[in-house]
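[1] quick one, fold the following:
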Amino acid sequence: MSGRPGTEACPVMEVLDHVAGKWSIGILVAAGRGPVRFTELERVVTGISRRVLTLNLRRLERDGLLDRTVYPTVPPRVEYSLTPLADELHVTLSGLVDWAERHGTAVAAARAAHDASATGRRG
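    The predicted structure follows:
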């Protein structure tokens with residue numbers, strides 16, 4: 001531990017930023033269902049561009065969360081799968097995704113009600 005307050009939080013925030021990023025959750029949840037190919041990830045992670053998917057895959061591989069396996073076929077077949085480190089994370093992320101699916105409507109309704117009452121307070 002260093003004597004400076006807040007220095008311990010920096011690595012935690014960096015890791016959280018990587019695993020909770022806009023695209024990372026979808027990629028990790030999809031890869032947790034078994035080895036997945038690039039084109040499958042493109043279909044499952046709605047709205048992501050090829051370039052952004054590539055950058056996120058490289059970053060998650062660098063972080064030790066994805067394994068990239070290249071098979072010597074023509075054309076080469078590449079699959080992505082979770083590392084043992086990411087297996088534990090997958091449980092948490094899947095729970096988060098399930099929660100969001102179950103409560104997304106309630107959150108949207110609460111947001112709309114809040115915005116309506118905030119508009120009434122301004123006038």
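
[2] surely residue 19 meets residue 93?
    Yes: in this structure, residue 19 is within contact of residue 93 by CB atoms under 8 Å, at 7.5 Å. The way it works is simple: take the backbone N, C-alpha and C, and place the C-beta from them, glycine included.

[3] overlap in contacts of those two?
    Each of 25, 28 lies in contact with both residue 19 and residue 93 under the rule CB atoms under 8 Å, 6 or more residues apart in numbering.

[4] now the residue minimising distance to the centre of the chain: which helix or strand?
    With distances taken as CA atoms, centre = their mean, residue 25 lies nearest the centre of the chain, 1.6 Å away. Applying DSSP states H and E as the criterion places residue 25 in helix 24-31.

[5] could you give me the buried positions within the helix or strand harbouring residue 43?
    In this structure, residue 43 sits in helix 38-44 according to DSSP H and E. Neighbour counts over helix 38-44 (16 or more other CB atoms under 10 Å) mark residue 41 as buried.

[6] what does the helix or strand that it is followed by contact?
    Using DSSP H and E, the helix or strand that follows helix 38-44 in sequence is helix 50-62. With contacts defined as CB under 8 Å, 6+ apart, helix 50-62 is touched by 18, 21, 23-24, 27-28, 38, 41-42, 45, 48, 66-68, 80, 86.

[7] tell me which other helices or strands the longest helix anywhere in the chain touches.
    Identified as the longest helix of the chain according to DSSP state H is helix 84-122. When contacts are defined as 3 or more CB pairs under 8 Å, 6 or more residues apart in numbering; DSSP states H and E, helix 84-122 sits against helix 24-31.

[8] just give me how far the helix it packs on sits from the chain centre.
    Computed by CA atoms, centre = their mean, to the nearest Å, the chain-centroid distance of helix 24-31 equals 5 Å.
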